[in-house]
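Undergrad: predicted coordinates and the sequence they were generated for:
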Amino acid sequence: MAVQSPAAARSGSLTRYSDVAMAAAILAIVGILIVPIPDFLLDALIAFNLSLSVIIILVTLYTTEPLQFSVFPSLLLVTTLFRLALNIAATKLILSTGEPGQIIQAFGNVVLGGNFVVGFIAFLILVIVQFVVITNGAGRVAEVAARFTLDALPGKQMSIDADLNAGHLTDEEARERRRQIEQEADFYGAMDGASKFVRGDATAAILIMIINIVGGFAIGMLNGRGDALTVLKTYSILTVGEGMVSQIPALMISTATGFLVTRTGSTTNIGADVAGQLMARSRPVLLSGGLLLGLFLVPGFPKLPLMIVGALVSGVALMLMKDENREAVARAIEAQKEQKAAAKPAEDPLKLLTVDTLLLELGSNLVPLALPDEGGDLPDRVAAARRQIAVDLGIVLPMVRIKDNLSLRTNQYVIKMRDQIIGRHELMPNHLLAIDPGSVITPLEGIRTVDPAFGSPAIWVPRSLRERAEMCGYVVAHPAAVLITHLTETIKAHAHELLTRQEVQSLVEHLREHNKVVVDELIPGLLSLGEVQKVLQNLLRERVSIRDLGAILEALADWAPRTKDPDQLTEYARAALSRQITRQYVNEDGVLEAITLDPTLERSLRDAVQMTPTGVMLALDPNTAGALLADLSRATERMLNEGQNPVLLCSSQIRLALKRLTERNLPGLAILAYNEVETGTDVRVTGAVDASDGRTAELAA
């Protein structure tokens with residue numbers, strides 16, 4: 001059920017027939033252009049025009065972002081047409097009767113002030129200011145804003161696509177962001193064109209003024225309405241009055257145009273922004289007041305105005321200083337409270353023996369990434385990474401402690417597991433990392449580095465070049481996102497080391513609530529908790545998720561009566577997880593692209609499998625093992641360059657031994673047994689490793 005906003009509810013009665021009202025208003029404006037109207041009706045329409053311009057400029061002042069007033073370009077066209085219609089109607093009355101209404105006469109008398117020459121010059125200055133300063137400036141800003149908005153549109157769309165592919169946005173959020181940037185581009189494009197209406201209106205006002213004076217003087221002299229000076233004065237008053245009632249609303253709407261196109265992103269209106277930013281520091285205000293009071297002492301300068309204004313400005317500065325002092329005292333008191341709260345009794349020596357399971361240490365320049373008060377969101381990102389790892393691998397990570405380390409380089413961070421460093425890199429907190437995904441159109445200049453998570457070439461670029469980098473094809477990442485991705489991948493690579501017996505006990509107890517029978521049958525009757533732990537660690541070592549713990553324990557319960565060897569049990573568990581493992585490596589089309597071993601080579605490796613105290617191994621001489629690793633390395637590199645997941649298919653008898661041989665040099669190569677491929681999966685073999693004659697293996701495409 002849709003919920004109506006309060007603003008919409010309040011304006012419902014006014015906007016119910018808004019389409020009919022707008023159509024009637026346009027037809028009425030066209031009627032004014034054709035049909036003469038009486039002077040009292042012209043007075044009412046002029047008053048309405050004044051009030052409408054005041055409403056528009058005030059709404060603009062209270063707008064926090066331009067799209068909140070997206071109807072402004074269309075409204076600008078309507079108000080310009082309405083103003084020109086009033087000009088034409090007033091011109092008809094001035095030239096025909098010489099009585100265009102009381103408002104025009106009142107404005108003319110006030111502006112001229114008894115001297116129509118001085119008043120006429122003042123009116124011309126008003127028109128020139130609007131035409132040369134405000135109209136030209138607003139039009140230029142609208143043109144530049146439209147150009148930059150349209151140039152940045154492809155980069156913003158690519159950024160949305162990247163966030164969507166990375167899982168940071170849902171489909172609905174991505175559609176909403178695309179709709180917003182499209183509206184923004186349409187708005188600035190419309191403003192660029194609508195600003196020409198304002199310029200044309202100012203030009204028309206000058207021409208109408210000349211027509212009124214020249215035409216009125218000629219008609220007045222022909223109709224014998226007085227001598228030349230009287231006629232000129234009469235029509236000058238009416239012309240200036242008509243110009244004022246037209247140009248004052250035009251000036252306010254032109255100013256509103258300037259406010260709207262120069263408005264940048266903010267959460268408050270322009271009044272709050274000006275007050276908050278102009279009065280943010282007391283020292284500039286105090287120096288300004290001191291300057292005025294200094295001029296008070298210079299001979300020849302007016303004393304009273306300088307003294308009054310200088311005293312007022314200095315008084316405002318003193319009030320700001322008092323506020324700053326109160327804030328400083330409040331911060332000092334709060335800091336003392338925090339220090340007292342942080343003060344602890346004498347530390348227990350036993351606590352020094354505690355080792356942090358996961359620790360992230362930051363250099364001094366990276367500390368703000370972890371401080372919410374300075375805009376850092378690193379703790380929230382770490383929490384999100386822990387949740388994602390729980391979904392991907394099926395384990396609950398211990399808390400990741402974040403602390404500073406002054407012994408590190410200022411831009412460096414290290415990832416520690418049980419006080420041992422397992423990852424390190426350096427960030428540039430005031431830059432963005434532009435990662436080359438292999439499809440960069442135009443390379444950018446920057447500080448060269450690599451993506452710490454995947455080793456891809458990358459460069460550090462200033463934040464101002466984000467949109468340009470995205471348009472060139474780079475994937476742009478914030479320093480905090482780079483750190484979290486590196487942390488996540490590092491933890492995944494060492495997940496098997498984090499799975500302690502205590503963690504396994506927690507997972508088993510959680511499973512017992514839903515599948516009590518298999519747990520009670522397996523533990524401790526068939527396998528001990530430690531033996532189950534070794535199987536789960538073997539799975540995690542090859543990045544196989546243990547989230548489906550029930551299926552794993554079912555397979556162990558089936559095979560544990562026959563063998564207690566963790567390696568053999570791991571292979572049986574992998575076969576039970578064939579669907580999950582297959583889905584992990586298939587491409588977008590559901591095809592498993594892989595390489596295989598030549599049958600001769602596979603038989604040779606099967607004969608070389610030996611059981612050792614540390615598990616199954618391949619007993620190969622160094623030359624043969626080196627040649628095999630070299631060929632597998634070339635095959636892996638080829639598959640990566642072609643956008644494929646590096647997968648090798650082999651028999652189950654040699655799978656584990658071959659993985660033990662390659663896991664140090666080729667950790668990214670996934671080795672699957674044929675019985676681990678889900679039935680019905682489309683397998684496409686892209687090459688075969690051949691080691692004929694026991695010499696160098698070759699890749700046959």
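TA: Arrived safely. Numbering: from 1, shown residues only.
Undergrad: I'd like the mean pLDDT over the one helix or strand Thr239 maps to, please.
TA: Assigned by DSSP states H and E, Thr239 belongs to helix 228-261. In this model, helix 228-261 has a mean pLDDT of 75.
Undergrad: got it, and stretch 521-533?
TA: Stretch 521-533 comes out with an average pLDDT of 87.
Undergrad: what's the end-to-end length of that stretch?
TA: 16 Å (CA to CA, to the nearest Å).
Undergrad: stretch 52-68 now?
TA: Across stretch 52-68, first to last residue, CA to CA, it's 18 Å.
Undergrad: in the helix holding Thr239, what's buried?
TA: Buried residues in helix 228-261, counted by 16 or more other CB atoms under 10 Å: 231-232, 234-261. Just so you know, the C-beta spots here come from the backbone N, C-alpha and C atoms, and that holds for glycine as well.
Undergrad: next: stretch 642-651.
TA: So for stretch 642-651, counting by 16+ other CB under 10 Å, buried means 644-651.
Undergrad: need these in a markdown table with secondary structure, can you?
TA: Formatted as a markdown table, the buried residues of stretch 642-651 follow (DSSP: H, G, I helix; E, B strand; the rest coil):
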| residue | secondary structure |
| --- | --- |
| Gln644 | coil |
| Asn645 | coil |
| Pro646 | coil |
| Val647 | strand |
| Leu648 | strand |
| Leu649 | strand |
| Cys650 | strand |
| Ser651 | coil |
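Undergrad: return the member of these nearest to Glu554.
TA: Nearest to Glu554 among the buried residues of stretch 642-651, counting by CB to CB, is Ser651 at 24.2 Å.
Undergrad: how near is the closest one to Arg583?
TA: 22 Å (CB to CB, to the nearest Å).
Undergrad: and the residue lying closest to Glu445 once chain neighbours are set aside, what is it in contact with?
TA: Nearest residue to Glu445, sequence neighbours excluded (CB to CB, 6 or more residues apart in numbering): Ile459, at 7.7 Å. Contacts for Ile459 were tallied using CB atoms under 8 Å, 6 or more residues apart in numbering; they are 433-434, 436, 444-449, 474.
Undergrad: can you check Tyr585 too?
TA: Contacts for Tyr585 were tallied using CB under 8 Å, 6+ apart; they are 592, 594, 645, 647, 670, 672.
Undergrad: ok, now Asp39?
TA: Contacts here follow CB under 8 Å, 6+ apart; on that basis Asp39 touches 93, 97, 99-102.
Undergrad: recalculate using a threshold of 10 Å.
TA: Asp39 makes contact with 89-90, 93, 97, 99-105, according to CB atoms under 10 Å, 6 or more residues apart in numbering.
Undergrad: got phi/psi on it?
TA: Per-residue torsions, Asp39: phi -70, psi -30 (degrees, to the nearest 10).
Undergrad: for His425, same thing?
TA: Torsion angles, degrees, to the nearest 10, at His425: phi -170, psi 180.
Undergrad: where's it relative to Leu656, distance?
TA: Where Leu656 is concerned, His425 sits at a distance of 33 Å (CB to CB).
Undergrad: looking at these two, which one has more neighbours?
TA: Between His425 and Leu656, Leu656 has the larger neighbour count (other CB atoms under 10 Å), namely 23 against 18.
Undergrad: which SSE is the more buried one in?
TA: helix 652-662.
Undergrad: packing partners for that helix?
TA: Judged by 3 or more CB pairs under 10 Å, 6 or more residues apart in numbering; DSSP states H and E, helix 652-662 is in contact with helix 529-541, helix 566-576, helix 599-608, strand 609-612, strand 615-618, helix 622-641, strand 647-650, strand 670-673.
Undergrad: pipe those into CSV and attach distance to Asn109 per row.
TA: As requested, those are exported to CSV (distance: least, CB to CB, whole Å):
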stretch, distance to Asn109
helix 529-541, 91
helix 566-576, 97
helix 599-608, 107
strand 609-612, 110
strand 615-618, 106
helix 622-641, 84
strand 647-650, 91
strand 670-673, 91
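Undergrad: among the ones you listed, which comes closest to His496?
TA: Proximity to His496, assessed across those by CB to CB, is greatest for helix 529-541 (4.0 Å).
Undergrad: which elements pack onto that closest one?
TA: In terms of contacts (3+ CB pairs under 10 Å, 6+ apart), helix 529-541 is packed against helix 479-493, helix 495-498, helix 501-512, helix 516-522, helix 549-559, helix 566-576, helix 652-662.
Undergrad: among those helices, which comes closest to Ala122?
TA: Among the helices and strands packed on helix 529-541, the nearest to Ala122 by CB to CB is helix 479-493 (57.8 Å).
Undergrad: quick one: the closest one to helix 529-541, angle?
TA: Using axes from the mean of the first three to the mean of the last three CA atoms, to 10 degrees, the direction of helix 479-493 lies 130 degrees away from that of helix 529-541.
Undergrad: so where is the stretch 251-400 of the chain shaky, pLDDT-wise?
TA: 261-280, 341-353 (pLDDT under 70).
Undergrad: same thing but at 90, please
TA: 251-359, 363-400 (pLDDT under 90).
Undergrad: ok, which stretches of it are strands?
TA: When assigned using DSSP state E, counting those that start in this stretch, the strands of the stretch 251-400 of the chain occupy the ranges 358-362, 400-404.
Undergrad: ok so, going back, how much space between the residue nearest to Glu445 and Leu433?
TA: Separation of Ile459 from Leu433 (CB to CB) stands at 8 Å.
Undergrad: mutual contacts of the two, please.
TA: Taking CB under 10 Å, 6+ apart as the criterion, Ile459 and Leu433 both touch 446-447, 449-450, 469, 474.
Undergrad: and the furthest pair within the residues you listed?
TA: Of all pairs drawn from the shared contacts of Ile459 and Leu433, the widest gap by CB to CB lies between Val450 and Ala469 and measures 16.3 Å.
Undergrad: can you pull the domain assignment for this structure?
TA: Annotated domains of the chain cover 35-269, 281-326, 371-495, 499-576, 584-701 [automatic domain parsing].
Undergrad: out of the contacts of Ile459, which comes closest to Leu207?
TA: For those, the nearest to Leu207 is Leu444 (51.6 Å; CB to CB).
Undergrad: confirm for me that the closest one is in contact with Arg468.
TA: Yes. Contact criterion CB atoms under 10 Å: Leu444 and Arg468 qualify, at 7.2 Å.
Undergrad: about what we covered before: columns distance to Arg179 and pLDDT on top of the contacts of Tyr585, output as CSV?
TA: Output for the contacts of Tyr585, formatted as CSV (distance: CB to CB, whole Å; pLDDT from 0 to 100):
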residue, distance to Arg179, pLDDT
Leu592, 38, 90
Ala594, 42, 91
Asn645, 35, 85
Val647, 40, 91
Ala670, 40, 90
Leu672, 44, 91
